[in-house]
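Engineer: Just to be clear, the model below is a prediction. Sequence and coordinates:
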Protein chains: 2
Amino acid sequence: MIKKIGQCNSLQVLKDAKLSRTSQRVAVLDMLINAERPLTVIQIFRNINFHQKIHKVTIYRILSSFVAKDIARGIPTDEGINYYEMACRHNPVHAHFYCKSCKKMFCLDPATSSRAIELFADLNGFKIEALSLNITGVCSNCNKGGSL
Amino acid sequence: MIKKIGQCNSLQVLKDAKLSRTSQRVAVLDMLINAERPLTVIQIFRNINFHQKIHKVTIYRILSSFVAKDIARGIPTDEGINYYEMACRHNPVHAHFYCKSCKKMFCLDPATSSRAIELFADLNGFKIEALSLNITGVCSNCNKGGSL
DNA sequence: ATAATAAATGCAATTAAATTGCAATTATTA
DNA sequence: TAATAATTGCAATTTAATTGCATTTATTAT
């Protein structure tokens, strides 16, 4: 597991991506930057709306634009829910573990992940746009009777 | 890419899994056994209903029971669609490539896949129930102007 | 074989994530 | 500061997947 630390400046990230600085985009981006693990639209929606009102559709659109601009990455689960994480240089592509019990998405060791991913680097003629190595199961905490 | 050959007997597979032999289950299973690549519920529905009438919900339920009995594996895409393939010993767990253009799900080399998967075998206390290594992009055929 | 029981299927309605069109609002620019 | 462009909010829609229930089909015990 890797511990994520917020090292990005949301205003600078938006400026670099040529995305206008709206309070909604800043709020979503700050939440991603400071998140310990990937978040869902609903999680972002609930947390932000505790302080500030943002429409759920706006969060979908903001996250889509972040993915398009390579600011964020989407991590789909086999339960049909998408999680999002920062895609900055401090957070290289890596595999994830999704706990069916507590619904948390854990980030796995980037070193091991990158070795796994390198194995598929050459895909003769195939253009790789996204790579997701996703493991589903029950995390150690839930396994011990945490929340099952 | 691996070439799948139908080596299973649908009636025997159902018997071994203690699932009753209905015409619907046999039809779905035969289609999976003879498929060249993973299929979606809709693809199975359209192909079967060309000859025989089966309700779409039944296919969802049959595939769920197949996955529960380890007869089939589900492969989710980042577009929210599930593909299904046989999980027999002739078809070990492997990675997949999903072409956003032609919507085909390709099976990747099981040898390379298994080496990648082994890297995550020990996940200290985490109980692995499913592992999906999924690559999305554009396949070589579509890349050459096939269907973009 | 046949009746009784259990399981599977078909159908309608629903759920939930995600998307779309459009009007209103907010940000950027000239 | 006005004009233009981009973004947001809202309502409605889309689509994969699920659920409850009546009907049909398969399995079993007699």
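Structural biologist: All right, it came through fine. Bear in mind that the values here come from a model prediction, so they are computed numbers and not experimental data.

Engineer: Now do the helices in chain A.
Structural biologist: A:10-16, A:23-34, A:41-48, A:56-68, A:110-118, A:140-143 (DSSP state H).

Engineer: how far does the first one sit from the chain's center?
Structural biologist: Distance of helix A:10-16 from the chain centroid (Cα atoms, centre = their mean, to the nearest Å) equals 18 Å.

Engineer: who does the residue nearest the centre of chain A bridge with?
Structural biologist: Geometric centre of chain A, nearest residue: A:Glu85, 1.9 Å, by Cα atoms, centre = their mean. Counting by DSSP bridges, A:Glu85 is bridged to A:Arg73.

Engineer: And the strand of greatest length in chain A, what does it pack against?
Structural biologist: Using DSSP state E, we find that the single longest strand of chain A is strand A:127-138. Under the contact criterion of 3 or more Cβ pairs under 8 Å, 6 or more residues apart in numbering or on different chains; DSSP states H and E, strand A:127-138 touches strand A:72-76, strand A:96-99, helix A:110-118, strand B:127-138. No exception for glycine: its C-beta is placed from N, CA and C like everyone else's.

Engineer: which residues touch A:Asp70?
Structural biologist: Residues in contact with A:Asp70 (Cβ atoms under 8 Å, 6 or more residues apart in numbering or on different chains) are A:Ala17, A:Ala87.

Engineer: Can you report how many residues neighbour A:Pro76?
Structural biologist: By other Cβ atoms under 10 Å in any protein chain shown, the residues close to A:Pro76 number 22.

Engineer: so what pLDDT did the closest residue to A:Pro76 other than its chain neighbours get?
Structural biologist: Nearest non-adjacent residue to A:Pro76, counting by Cβ to Cβ, 6 or more residues apart in numbering or on different chains: B:Asp78, 4.6 Å away. Here the pLDDT value assigned to B:Asp78 is 86.

Engineer: Please apply the same query to the one 4 residues further on.
Structural biologist: B:Asn82 is assigned a predicted lDDT (pLDDT) of 95.

Engineer: which residues touch it?
Structural biologist: Applying Cβ under 8 Å, 6+ apart, we find B:Asn82 in contact with A:Asp78, B:Thr40, B:Val41, B:Gly74, B:Ile75, B:Pro76.

Engineer: With distance to DNA strand D added, can I get the residues you listed in TSV?
Structural biologist: Listed next are those as TSV, based on distance: Cβ to the nearest atom of the strand, whole Å:
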residue	distance to DNA strand D
A:Asp78	9
B:Thr40	6
B:Val41	5
B:Gly74	8
B:Ile75	10
B:Pro76	7
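
Engineer: can you pick the most crowded of those residues?
Structural biologist: Going by other Cβ under 10 Å, B:Ile75 tops those with 24 neighbours.

Engineer: looking at it, that one is touching B:Asn134, isn't it?
Structural biologist: Yes - if you go by Cβ atoms under 8 Å, B:Ile75 and B:Asn134 touch, sitting 6.8 Å apart.

Engineer: Common neighbours of these two, please.
Structural biologist: B:His96.

Engineer: before we move on, back to that, relative to DNA strand D, how far out is the residue nearest to the centre of chain A?
Structural biologist: 20 Å (Cβ to the nearest atom of the strand, to the nearest Å).

Engineer: correct me, but that residue touches A:Ile75?
Structural biologist: Yes - if you go by Cβ under 8 Å, A:Glu85 and A:Ile75 touch, sitting 6.6 Å apart.

Engineer: anything in contact with each of these two?
Structural biologist: By Cβ under 8 Å, 6+ apart, the residues touching both A:Glu85 and A:Ile75 are A:Pro38.

Engineer: just to revisit the earlier point, need the helices of chain A in CSV with distance to DNA strand C and mean pLDDT, can you?
Structural biologist: Shown next, in CSV, are these (distance: least, Cβ to the nearest atom of the strand, whole Å; pLDDT from 0 to 100):
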stretch, distance to DNA strand C, mean pLDDT
helix A:10-16, 8, 94
helix A:23-34, 6, 96
helix A:41-48, 5, 95
helix A:56-68, 4, 97
helix A:110-118, 22, 86
helix A:140-143, 19, 83
